[in-house]
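> got a predicted model here, sequence first, then my questions.
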Amino acid sequence: MRFNKKLIVYLAEYMYLRIVFDCNVQKELLKKIIVKLKSVDIWSSLSHNMTADGQCNSFENIGELVNYMVKDLQDLSDLIKIVVHNDSLLINEIQEQLIHIDRILFQLEMCQMFSKKYDDCNCYVDIQSGSGGTEAQDWANMLLRMYLKWIDNKGFNVEIVTESCGDFSGIKSTTIKVIGPYVYGWLRTESGIHRLVRKSPFDATGKRHTSFASVFVYPELDDNIDIQIRPEDLRIDVYRASGAGGQHVNRTESAVRITHIPTNIVTQCQSDRSQHKNKNQAIKQLKAKLYNFELHKKRIEKKIRENKKKDITWGNQIRSYVLDHSRIKDLRTGLEKHNVKAVLNGDLDDFIKTSIKVLDQNNDD
């Protein structure tokens with residue numbers, strides 16, 4: 001009977017998830033965190049308490065989901081033993097039970113997907129147009145629109161931190177802050193070079209053009225992460241904000257650009273009318289970028305040791321969008337989709353989920 005086969009599949013997936021989450025270990029960690037939350041000292045630091053409380057909720061949620069899974073599998077097994085071929089009521093109950101188990105499995109798979117260190121953080125997304133003038137700037141703007149659509153579909157919040165408009169169309173660069181549960185976990189594999197091939201709307205001859213834009217995603221770090229920045233290593237510039245904004249924003253030098261001289265990493269912020277607030281925001285972004293910079297250095301060193309370093313030009317290219325052939329292909333996973341319009345309107349989940357699964361299998365960090 002098909003229900004027996006389905007039950008075997010669910011039992012196999014349950015055993016796999018049980019191993020992945022190692023529930024006994026999770027329970028021990030949960031006990032330690034609860035003891036920690038009960039201590040008097042922890043309440044002197046609100047941010048530290050919020051971190052521990054978040055971990056506690058995460059472990060409790062996983063434990064509850066696994067327990068629900070056990071109960072539902074047991075109930076399903078009992079129902080299958082007594083079902084009669086023409087018992088429509090009992091068959092409907094089994095089908096409802098299967099749907100419920102599917103939902104629990106989906107939630108557990110999400111927990112598995114977002115198990116990396118900063119997956120539960122908010123994040124920043126930098127989009128930078130490549131060389132090519134108007135073509136590349138228009139492509140950068142298309143990528144921004146794609147991500148904003150995806151963010152809206154997910155119900156996340158977004159803030160435009162800074163934006164530099166293109167000369168005639170599109171944008172030269174932008175930084176957005178994405179706020180919501182596990183947004184860094186969702187977007188972390190989107191970092192890299194995105195390549196567009198299309199018949200240019202800016203070329204009267206209708207020739208095909210290739211454009212590039214880079215996307216860089218990094219987490220918003222909490223105050224517990226200690227990143228040492230020496231004041232003498234910073235160059236701070238103030239300027240008038242460009243783009244949309246009120247009179248005060250555009251007429252005063254409220255925008256701030258900070259350059260970390262040793263690494264040449266630059267952050268900027270113009271979202272607030274207060275120069276002081278923009279400076280604090282830019283410093284926060286800089287700390288996150290410096291942390292990511294160090295992680296990236298370690299990954300590169302590891303790849304060199306393993307003799308797996310890729311060519312710099314092509315190694316970071318992650319996705320190709322060939323519009324006149326209606327084809328979008330992820331070069332890391334091989335996943336290909338032909339509904340170009342849907343993807344550019346924010347239908348990115350298949351690409352994101354596949355890349356998380358594939359890349360997490362190949363990386364330890």
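Nice, thanks for sending it over.

> where do the strands of the stretch 151-300 of the chain begin and end?
Taking DSSP state E, counting those that start in this stretch to define them, one finds strands in the stretch 151-300 of the chain at 157-165, 171-179, 192-199, 208-219, 234-239, 255-260, 265-269.

> identify whichever of the ones you listed lies nearest to His276.
For His276, the closest of the strands of the stretch 151-300 of the chain is strand 255-260, at 9.0 Å, according to CB to CB. Using the backbone N, CA and C atoms, a C-beta is placed for each residue, glycine as well.

> export the closest one as PDB, just CAs?
The C-alpha trace of strand 255-260 is given here as PDB (Å, rounded to 0.1, in the frame of the first residue of the first chain):
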ATOM      1  CA  ALA A 255      26.300  61.700   4.600                       C
ATOM      2  CA  VAL A 256      29.400  59.900   5.900                       C
ATOM      3  CA  ARG A 257      32.000  57.800   4.100                       C
ATOM      4  CA  ILE A 258      34.500  55.800   6.100                       C
ATOM      5  CA  THR A 259      37.600  54.200   4.600                       C
ATOM      6  CA  HIS A 260      39.600  51.600   6.500                       C
END
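
> got the contact list for the nearest residue to Arg235 once chain neighbours are set aside?
Nearest in space to Arg235, with sequence neighbours left out and distances taken as CB to CB, 6 or more residues apart in numbering, is Thr259 at 4.4 Å. Contacts for Thr259 (CB atoms under 8 Å, 6 or more residues apart in numbering) come out as 234-237, 265-266.

> with Asn362 instead?
Asn362 makes contact with no residue under the criterion CB under 8 Å, 6+ apart.

> could you measure from it over to Lys353?
In this view, Asn362 and Lys353 are 16 Å apart by CB to CB, to the nearest Å.

> and if you look at Val215?
Val215 sits 17 Å away from Lys353, going by CB to CB.

> domains in the protein, as residue ranges please.
Listed domain ranges for the chain are 2-113, 123-214+316-362, 231-304 (source: automatic domain parsing).

> weakest of those domains in terms of mean pLDDT?
Among these, domain 2-113 has the lowest mean pLDDT, at a mean of 56.

> which parts of stretch 335-353 are buried?
Buried residues in stretch 335-353, counting neighbours by 16 or more other CB atoms under 10 Å, are found at 335, 337, 340, 343-344, 346-348, 351-353.

> mind listing what's buried along stretch 127-137?
For stretch 127-137, using 16+ other CB under 10 Å, the buried residues are 127-130, 132-137.

> helices of this protein, start to end?
Secondary structure of the chain (DSSP state H): helices at 2-21, 23-38, 46-82, 88-113, 134-154, 183-187, 247-251, 275-305, 312-315, 340-344, 349-362.

> circling back: so the residue nearest to Arg235 bridges to which residues?
Here Thr259 sits in beta bridges with Arg235, Val266, going by DSSP bridges.

> identify the bridge partners of the nearest residue to Ala140 once chain neighbours are set aside.
Computed as CB to CB, 6+ apart, the closest residue to Ala140 that is not its neighbour in sequence is Ser129, at 3.8 Å. Beta-bridge pairing for Ser129 (DSSP bridges): Ala213.

> how far away is Ser129 from Val256?
Here Ser129 is placed at a distance of 22 Å from Val256 (CB to CB).

> same question for Tyr239.
Tyr239 is 8 Å from Val256, by CB to CB.

> ok, those two, which is more surrounded?
Neighbour tally, Tyr239 and Val256, criterion other CB atoms under 10 Å: the higher count belongs to Val256, 26 against 12.

> surely that one touches Lys277?
No. If you go by CB atoms under 8 Å, Val256 and Lys277 don't touch, sitting 9.2 Å apart.

> lovely, talk soon.
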